[in-house]
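In: Provided below for reference: sequence and predicted model.
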Amino acid sequence: MNRIVFITGATSGFGRAAARRFAAGGWSLILTGRRVERLQALQEELSPQVPVHVAALDVRDANAVRQVVAELPDGFRQVRALINNAGLALAPQPAQRVELDDWHTMIDTNVTGLVNVTHALLPILIETGAGASIVNIGSVAGKWPYPGGHVYGATKAFVEQFSYNLRCDLLGTGVRVTDIAPGLAETEFTLVRTKGDQAASDRMYQTTTPLTAEDVAEQMFYVANLPDRININFLEVMPTRQAWSPFAIDRD
Ligand code: NDP
Ligand code: 8X3
């Protein structure tokens, strides 16, 4: 059986690790992201192992998404797993000090982008039927509030509820839907969130033991390779060294 995975945000972090994990598992890869040179490097690395198709794609652009899906070459059309991974956080400061554009960028990418890709691929996934999967990447930030989480956490709450609602509508098609919600994981995520502050990113990860991109890729691979009869609805995964704090209380 030709198993084909479509990965958004394959140029870094979880998405790139997923490309490597699915390649190791013998899946054909459709790799997308905005940084073309990184896609090409990944294609060069993995195409000796499995068929790889790459496409430059900004998930915020619904027309571009439709076009990439419409132009999938022979051998890559019957997608079996969609990994909706592209996303970002911006503006870790309190809500009252955030630029409105940063909120819009998170909504446009994490919400609009994710629904753009889902909408474009749904007909194909339904045609694939039993065993097909949509794996949406949520976050612990979608369930648990924290200072500076504002719109980022809200976009990931959308991902969780959208995943459940999709399941309702897809009942009977064989297509599965999972929201994987990771906690702290070391990728370029904090570099992006802080707009290039490498020292802040290092501080976030250096004195603890975060999840790795490979840990999350393993969970994506596990979910997409389960027997057809099993649907994991929600998978929240934190590093052992992360937990919750007591309520914050404002005192005189
Ligand atoms: P990275 O910054 O390492 O990777 C993010 C990926 O998303 C990149 O490949 C980037 O590609 C892509 N991306 C961003 N914006 C767009 C866009 N407009 N169009 C297409 N692709 C885009 O971060 P992570 O790997 O950590 O993040 C992956 C997902 O995991 C995100 O949804 C994030 O919210 C989520 N997450 C991360 C956690 C963490 O602690 N790291 C924990 C929980 C969830 P390019 O720039 O080339 O387009
Ligand atoms: C990324 C994890 O804890 O920074 O979604 O929100 S966290």
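Out: On my side now, so go ahead. Ligands and ions are numbered 1, 2, ... in the order given.
In: CA atoms for contacts and neighbours, from now on please.
Out: Will do.
In: Go ahead and name everything in contact with stretch 24-37.
Out: Contacting residues not belonging to stretch 24-37 are listed as 2-11, 19, 22-23, 39, 49-59, 76, 86 [CA atoms under 8 Å, 6 or more residues apart in numbering].
In: Could you give the average pLDDT over that stretch?
Out: Averaged across stretch 24-37, pLDDT comes to 98.
In: now that stretch, how far from the chain's geometric center?
Out: Between the centre of stretch 24-37 and the centre of its chain there are 13 Å (CA atoms, centre = their mean, to the nearest Å).
In: Please say whether there is contact between that stretch and ligand 1.
Out: Yes: using CA under 6 Å from any ligand atom, we find that stretch 24-37 touches ligand 1 at Gly33, Arg34, Arg35.
In: any idea how far Phe6 is from the second one?
Out: From Arg34 over to Phe6 the distance is 15 Å, taken as CA to CA, to the nearest Å.
In: Over to the last one?
Out: Applying CA to CA, the value for Arg35 to Phe6 is 16 Å.
In: Please say which of those two ends up with more neighbours.
Out: Phe6 (25 against 16; other CA atoms under 10 Å).
In: For the strand or helix carrying that one, which strands pair with it and how are they oriented?
Out: Per DSSP states H and E: Phe6 is located in strand 4-7. With DSSP bridges as the test, strand 4-7 is paired with strand 28-33 (parallel), strand 81-84 (parallel).
In: Can you add mean neighbour count and distance to Glu71 and give these back as CSV?
Out: Below are those laid out as CSV (neighbours: other CA atoms under 10 Å; distance: least, CA to CA, whole Å):
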stretch, mean neighbour count, distance to Glu71
strand 28-33, 25, 12
strand 81-84, 26, 16
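In: Turn these into TSV, including distance to ligand 2.
Out: Below are the strands paired with strand 4-7 laid out as TSV (distance: least, CA to the nearest ligand atom, whole Å):
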stretch	distance to ligand 2
strand 28-33	19
strand 81-84	14
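In: Among these, which comes closest to Thr187?
Out: Of all the strands paired with strand 4-7, the one in closest proximity to Thr187, counting by CA to CA, is strand 28-33 (15.5 Å).
In: Any buried residues in the next helix-or-strand element following that closest one, and which?
Out: Later in the chain than strand 28-33, the nearest helix or strand by DSSP H and E is helix 36-46. Going by neighbour count (16 or more other CA atoms under 10 Å), the buried part of helix 36-46 is Arg38, Leu39, Gln40, Leu42, Gln43, Leu46.
In: residues contacting the residue nearest the centre of the chain?
Out: Nearest to the geometric centre of the chain sits Asn85, at 1.5 Å (CA atoms, centre = their mean). Contact analysis of Asn85 by CA under 8 Å, 6+ apart lists Ile7, Thr8, Gly9, Phe14, Gly15, Asn136, Ile137.
In: The stretch 51-200 of the chain against ligand 1: which residues are in contact?
Out: So the stretch 51-200 of the chain meets ligand 1 at 57-60, 85-88, 109, 137-139, 181-189, 192 (CA under 6 Å from any ligand atom).
In: again, only this time at 5 Å
Out: 58-59, 85-88, 139, 182-185, 187-189 (CA under 5 Å from any ligand atom).
In: Which of the residues you listed fall in strands?
Out: Pro182, Ala185 (DSSP state E).
In: want to throw the residues of the stretch 51-200 of the chain next to ligand 1 into JSON lines with distance to Pro145?
Out: Below are those laid out as JSON lines (distance: CA to CA, whole Å):
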{"residue": "Asp58", "distance to Pro145": "28"}
{"residue": "Val59", "distance to Pro145": "26"}
{"residue": "Asn85", "distance to Pro145": "21"}
{"residue": "Ala86", "distance to Pro145": "22"}
{"residue": "Gly87", "distance to Pro145": "18"}
{"residue": "Leu88", "distance to Pro145": "17"}
{"residue": "Ser139", "distance to Pro145": "11"}
{"residue": "Pro182", "distance to Pro145": "14"}
{"residue": "Gly183", "distance to Pro145": "13"}
{"residue": "Leu184", "distance to Pro145": "14"}
{"residue": "Ala185", "distance to Pro145": "17"}
{"residue": "Thr187", "distance to Pro145": "21"}
{"residue": "Glu188", "distance to Pro145": "22"}
{"residue": "Phe189", "distance to Pro145": "18"}
